[in-house]
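Colleague: Need a 3D model of the following:
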Amino acid sequence: MTLEVTEKTVLITGTSTGIGWATALHLDQVGFPVIATVRKTVDAEKLQAAASPRLKPLLLDVTDPDSLGRAAEALSSLVSNQGLWGLVNNAGIGFAGPLEFFPLDRMRRLFEVNLFGVLAVTQMCLPYLRRAQGRILNVSSTASLMAAPFHGPYSCSKFALNALSNALRLELKPFGVQVSTLVCGSIKTPIWSKGGQESSEIWEEMPDVAKTLYGSRYLILSDFFGKIGQSGILPEEAARIVAQALTASRPKQSYYIGRDAQLYRLTKFIGERQRDALILRTIGLDQ
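Modeller: Okay, here's the model as predicted:
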């Protein structure tokens, strides 16, 4: 059973590229009124040009209190009296490095976007979501299921996001607001190239001792994830699953998106030592 969508407004964060872009256009195409957030005016113009008049771009930096304040003011005029049917917390960043030398300011930035930004936008939208008895979809990652070496910073932020989603689901149940987690595996999006570039910058800034201690293994990891990023599904496939989660009469608590996501899901059924060994063997670091 699916639900009618024509009067069900959905807000999506991080729509300039990747999953956010594909989801905004797909939901617009199937009839949802979409509020699509981007950080730059040029991205808003590109998105609007590719969509119908139903789609409304909204400038928003999820880490900037002033930007959040302006978006909150604009939101009251963009949402109908029926409220907000869906919130897709998609904005996110990712980069890697050995935890021993990982810059704390970069770690804080990860959490500002991937966790605190999600909570800030959710807080902003909840009055409208309660009115519609709508649903929240938080875009997580298979990195939240198992932490790979050197991917600790990103995994930490996504493990925390899963906990946030679980707590919100329980807290919001009395109000009829449903919360789902979208656990994404390998999807061909710019996050791989953007994250790879920033990871390279972080690596180059690290002291020589970091390169001596971790260099060979870190390069193997970088090569592995570079190949993973090229072999993933298209973001349009993820967009269709988002639409399913928004239209199902009883959405799932978790959706696993991508060919590898279902496999990683099974790792919870094996012991911790076996899981560690599997991670290292898969990446090629078991030597």
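Colleague: how close does Ala50 get to Glu236?
Modeller: Using CB to CB, to the nearest Å, Ala50 is found at 13 Å from Glu236. The C-beta positions use only the backbone N, C-alpha and C, and glycine is treated the same way.
Colleague: Of the two, which one has the most company?
Modeller: Each of Ala50 and Glu236 has its neighbours counted (other CB atoms under 10 Å); Glu236 has more, 15 against 12.
Colleague: which residues touch that one?
Modeller: Contacts here follow CB atoms under 8 Å, 6 or more residues apart in numbering; on that basis Glu236 touches Ala22, His26.
Colleague: Secondary structure element for it, which one?
Modeller: Assessed by DSSP states H and E, Glu236 sits inside helix 235-247.
Colleague: Would you mark the buried spots in the helix or strand harbouring Leu278?
Modeller: Taking DSSP H and E as the definition, Leu278 sits inside helix 272-283. Within helix 272-283, the residues that count as buried by 16 or more other CB atoms under 10 Å are Arg275, Ile279, Ile283.
Colleague: Please point out which parts of stretch 157-169 sit buried.
Modeller: Ser157, Lys158, Phe159, Ala160, Leu161, Asn162, Leu164, Ser165, Leu168, Arg169.
Colleague: Now the second one: closest residue in space, sequence neighbours ignored.
Modeller: Spelled out, it's Lys158. Spatial nearest neighbour of Lys158, excluding adjacent residues (CB to CB, 6 or more residues apart in numbering): Ser144 at 3.7 Å.
Colleague: which helices and strands does the least confident helix or strand in the chain by mean pLDDT pack with?
Modeller: When the helices and strands of the chain are compared on mean pLDDT, DSSP states H and E, helix 259-265 comes out lowest with a mean of 79. If you count contacts as 3 or more CB pairs under 8 Å, 6 or more residues apart in numbering; DSSP states H and E, helix 259-265 packs onto strand 178-184.
Colleague: Show me what the strand it packs on packs onto, helices and strands only.
Modeller: Under the contact rule (3+ CB pairs under 8 Å, 6+ apart), strand 178-184 is packed against strand 135-141, helix 152-172, helix 235-247, strand 254-257, helix 259-265.
Colleague: and the angle from that strand to helix 235-247?
Modeller: Angle, strand 178-184 to helix 235-247, by axes from the mean of the first three to the mean of the last three CA atoms, to 10 degrees: 160 degrees.
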